[in-house]
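# Predicted model and sequence below, questions to follow.
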Amino acid sequence: MENYSQTIQLGVTKDRLFKALTDEIPFWWTTMFEGSSNKKGDRFTIRFGDLIHKVMQVEDLYENAKVVWHVEDSLITLPGLKNQKEWIGTTIVWDITEKENGIVLQLEHIGLSPEIECYDICTDGWRQFVKSLEAYIKTGKGQPFSN
């Protein structure tokens, strides 16, 4: 099974990127953020209006290197989408590595594969919010979802 993945290169420090993925999620993903996401075992909920939410647990954190979230609950109430809970049980992995010409961030969403119904919608969402994360890291201003 092929999982969704995306890689971007950033001219920032690893600790800056790690902070954005652990302490600053509302500034690039969604302002509708509840909970805590900066230590192993933490739980947080993100919402995109009244129709979409995801509850995540921080499964692993390796300072300035890796962030892993396990999706415990999810609801994607979109017209035409029959299986609105496909994210439940999936895992989101952010790998931060240092290369010669900067920091590389790789996102892999384990369980988000072309075989599932929301793949196209969800991969469009990931591209949008990774772009927001990149803008936030570079300029201090992302484009998070805001109700």
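Okay, I see it. Numbering: from 1, shown residues only.
# Could you use CA atoms for every contact and neighbour count after this?
Noted.
# What pLDDT is listed against residue 30?
In the predicted model, residue 30 carries a pLDDT score of 98.
# Please tell me how far the residue in the chain sticking out farthest from the centre sits from residue 33.
In the chain, the residue that sits farthest from the middle, by CA atoms, centre = their mean, is residue 100; the gap is 25.3 Å. Separation of residue 100 from residue 33 (CA to CA, to the nearest Å): 35 Å.
# now do residue 107
With CA to CA as the criterion, residue 107 and residue 33 are 20 Å apart.
# Strands of the protein, start to end?
Per DSSP state E, the chain carries strands over the ranges 4-10, 33-35, 43-48, 52-62, 66-76, 91-99, 102-110.
# I'd like to know which of those strands is closest to residue 83.
strand 66-76 (8.3 Å; CA to CA).
# Listing partners with orientation, what would you give for that closest one?
If you go by DSSP bridges, strand 66-76 pairs up with strand 52-62 (antiparallel), strand 91-99 (antiparallel).
# among those, which is nearest residue 9?
From the strands paired with strand 66-76, taking CA to CA, the stretch that ends up closest is strand 91-99, at 9.1 Å.
# Give me the buried positions along the closest one.
91, 92, 93, 94, 95, 96 (16 or more other CA atoms under 10 Å).
# Over to stretch 108-124?
Those buried within stretch 108-124 under the rule 16+ other CA under 10 Å are 108, 109, 110, 111, 112, 113, 117, 118, 119, 122, 123.
# for stretch 133-143, same thing?
Buried, per 16+ other CA under 10 Å, within stretch 133-143: 133, 134, 136, 137, 142, 143.
# The first one contacts residue 30, doesn't it?
No - with contacts counted by CA atoms under 8 Å, residue 133 stays clear of residue 30, the gap being 10.7 Å.
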